[in-house]
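1. sequence-free structure coming up:
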């Protein structure tokens, strides 16, 4: 199909190439490489426009969504998410694990599963994976952010780690134990970072050999060619042409991928992604700008809106602005914000106003809490009662960034600012580049009175939201400077340790009520759904709230 | 001549040393940093501190520079932390540089081959419709922002008519062998003609976008310079001697008029790099310019340092070449 049309330039080039001599040879294999044999249905090639480049291919050391999008096609965890939801379901485990005490968990494994290098997936392989993750050198510990984030520490500091050990009971049964009961475990095993990797390939490629050098880390060659069990395997990363090519794993244990090839073309600029789709050179792309949604649909493209699994909030720092220590002031701010209006005018279709610090898709969400009613009159009188009628607020927003929960920070900020000024608050506007002072300004020794930021969930647990925000003594909300800060933290820790799901949910619902009525450490604003778009010829792609789309079910008609 | 070149090369070493220090300090004094880039919303005080320490960013700046300079002397430019973590920064640069070079060469060829003849003709037909139109076109070339021009080009040639690709360096379906990293050249030497042709088609629109400003500048200088020289005494003398028009135009007018033009071409080649940042970004042309922009938002210090130092070196070398070209065109300079 892609043949040259003009002979003249080619002839010129031919002369030039003769002059250069036969100094290089084509690597092409005969037959073009597309699988013509085999029983699997041939589904052609899909090219998907990704918003950023992958960092490396060993998910264990990865931290960003662009990398995980690719590794999710190549690796599977013991647990995974049900397509289209955040619900945790068995992946390479045959069923959900069980535990009597919440500390020792028994996993029954799927049998007959092989890694793409032919190594068997079994209990030994699982334990080798956990041992590998636990036993990191210093540089590896710093690189493995998701382990730090969920398990805390590594073998070098085993006593404080959540992870305790792994025991292969028989080839199809494995016991994994943790030191304390927590709602994180086992759901955290659905994280892309904890996908199972081939022990043989890891040994051969010296997978743990991360080295610190200068101001960076060097990863072993394995990180560029890791081996998993997933429906696709890595063919090549053509860095110069910004494409990652995956091919179908023909020995996949489950339903094999329909596509022969899955190409991720890295196109950071959003409008270029759209133009590529219009020109037909890609079949879909991630994160279309909400202002384009309608236009894309009008063009006949399919807009897949992900269920929102994030929360946008306004953070407050009572240490920086002592007036915020007064509950009445925080209540006033809460009532001064017109969330419904903001959602309607500034956020994409499908966004909702938030009543609490998590989206309604998370277990532990309290359906009884209503979105705070917009009431500027009452806000004014509360401010007056607190002696803060003409208070000043140093309120910041980030520039040069869009986040899934915040497609246009400046516009959202302007809406909030207008609300605050309407009740007599003087707003000092602070605008800083995302990684140019903004993130630093939010950190616990930060510089702002108030700011907007959000959180996208990792897995379905209230702890992943509330625990992240308020448990640590040094958190961005500075709750420990308030009289109730320690209590809140302790009750979150207690709720997290409850083994029974219903009891745990009830505990979180109670905490959510307390936060809403008595604490108001910040203002939850909204949840908004990021989208992806595919052309009319693409079928079978299910949008995931965790942006964990599985491309193995995709078919494409040309 | 050789001594002159050597002296200039020595100066370049000085420039690089001073620049490497200033750059090192400047980059690290910018708000934000590598740690924020890696951790984003997930940063906690503990993970922040741990990562800062692991990356050695907690050391005093002179200690950091000391170890950087030492590594630099042994040819180690550091590893990337953001663009492609763990990869040698120099490798990242070398992988992407051919793209920028390929694009810049085509852009400057386009600009020069259009601007000099047009500038010359415009001068000879001063104040005609041809002259006026050319001036207007060159003005538009300077004034229209690259991203807007890029949008128009893409819309017309790629989306509306599908004659040329929207962005990128090569269609993802093309199975091309990489040899030098110059995609067109690679296609030629491996005789993968479709790959070469596909890569060439990808070059056209970004090259046009990148060429507009140099074209406009070179055109105007050529025109002005030719006008100047046409009035010179030696031209009149040549005419009165009865030389043919061809000799007068080629030997006397054009050759003398080209001197300032060569200087400007040199400056424009240096400036192409700045243009490449924008052009490569809107055309998703994975070159050094686009990488610079990405590395900057990720505060990937090693990569930033390599690219900016390389840009400075390129600039110095281009200027040296301009001076040499000068000496060839104008014999008076050689004797000095």
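-> Arrived safely, thanks for sending. For clarity, every value in this text was computed on a predicted model and none was experimentally measured. Numbering: from 1, shown residues only, chains lettered A, B, ... in the order given.

2. and whatever residue of the stretch 51-200 of chain A ends up closest to chain B, what does it touch?
-> In the stretch 51-200 of chain A, the residue that lies nearest chain B is residue A:142 (3.5 Å; CB to the nearest CB). From N, CA and C alone the C-beta is placed, and that goes for glycine too. Applying CB atoms under 8 Å, 6 or more residues apart in numbering or on different chains to residue A:142 gives the contacts A:212, A:217, B:50, B:51, B:54, B:55.

3. Give me the subset of the residues you listed that lies in strands.
-> Counting by DSSP state E, those place A:212, A:217 in strands.

4. Can I get the buried ones among the contacts of residue A:142 as something I can paste into ChimeraX?
-> Buried residues among the contacts of residue A:142 (16 or more other CB atoms under 10 Å in any protein chain shown), as a ChimeraX selection:
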select /A:212,217 /B:50,51,54,55
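
5. Residue A:474 contacts residue B:48, doesn't it?
-> No - between residue A:474 and residue B:48 there is no contact under CB atoms under 8 Å: 10.1 Å.

6. In terms of packing, which of these two has more residues around it?
-> Higher neighbour count among residue A:474 and residue B:48: residue B:48, with 20 against 13, using other CB atoms under 10 Å in any protein chain shown.

7. And the contacts of residue A:142, which is closest to residue A:340?
-> Nearest to residue A:340, judged by CB to CB, of these is residue B:51 at 39.8 Å.

8. Which residue comes closest to the closest one once chain neighbours are left out?
-> Closest residue to residue B:51 in three dimensions, ignoring its sequence neighbours and counting by CB to CB, 6 or more residues apart in numbering or on different chains: residue B:35, at 5.0 Å.

9. Ok, residue A:458 next?
-> Going by CB to CB, 6+ apart, residue A:458 has residue A:464 as its nearest residue, at 5.4 Å.

10. Residue B:230 now?
-> Looking at residue B:230 with CB to CB, 6+ apart, the closest residue is residue B:253, at 6.0 Å.

11. likewise residue A:457?
-> Spatial nearest neighbour of residue A:457, chain neighbours left out: residue A:309 (4.7 Å); criterion: CB to CB, 6+ apart.

12. Over to residue A:397?
-> residue A:413 (3.7 Å).

13. Contact distance from chain B - what residues of the stretch 151-300 of chain A qualify?
-> Taking CB under 8 Å from any CB of the partner chain, the part of the stretch 151-300 of chain A that reaches chain B is made up of A:210, A:212-219, A:223, A:238-243, A:245, A:263, A:265-269, A:271-272, A:275-276, A:278-281.

14. The host helix or strand of residue B:10 - contacts with which helices or strands?
-> Using DSSP states H and E, residue B:10 sits in helix B:2-29. Counting contacts by 3 or more CB pairs under 8 Å, 6 or more residues apart in numbering or on different chains; DSSP states H and E, helix B:2-29 packs against helix B:61-73, helix B:301-329.

15. and the angle from the last one to helix B:61-73?
-> Translated: helix B:301-329. 60 degrees (axes from the mean of the first three to the mean of the last three CA atoms, to 10 degrees).

16. Next, the buried residues of helix B:301-329.
-> Of the residues in helix B:301-329, B:301-312, B:314-316, B:318-320, B:322-327 count as buried by neighbour count, 16+ other CB under 10 Å.

17. so how far is that helix from its chain's centroid?
-> Distance of helix B:301-329 from its chain centroid, counting by CA atoms, centre = their mean, to the nearest Å, is 10 Å.

18. do that helix and chain A meet?
-> Yes - if you take CB under 8 Å from any CB as the test, helix B:301-329 does meet chain A, through B:301, B:302.

19. Point out the other helices and strands that that helix packs with.
-> helix B:2-29, helix B:89-124, helix B:255-282, helix B:288-298, helix B:331-335.

20. Mean pLDDT and mean neighbour count added to those, as a markdown table?
-> Putting those into a markdown table (pLDDT from 0 to 100; neighbours: other CB atoms under 10 Å in any protein chain shown) gives the following:
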| stretch | mean pLDDT | mean neighbour count |
| --- | --- | --- |
| helix B:2-29 | 87 | 13 |
| helix B:89-124 | 93 | 21 |
| helix B:255-282 | 86 | 21 |
| helix B:288-298 | 92 | 23 |
| helix B:331-335 | 64 | 10 |
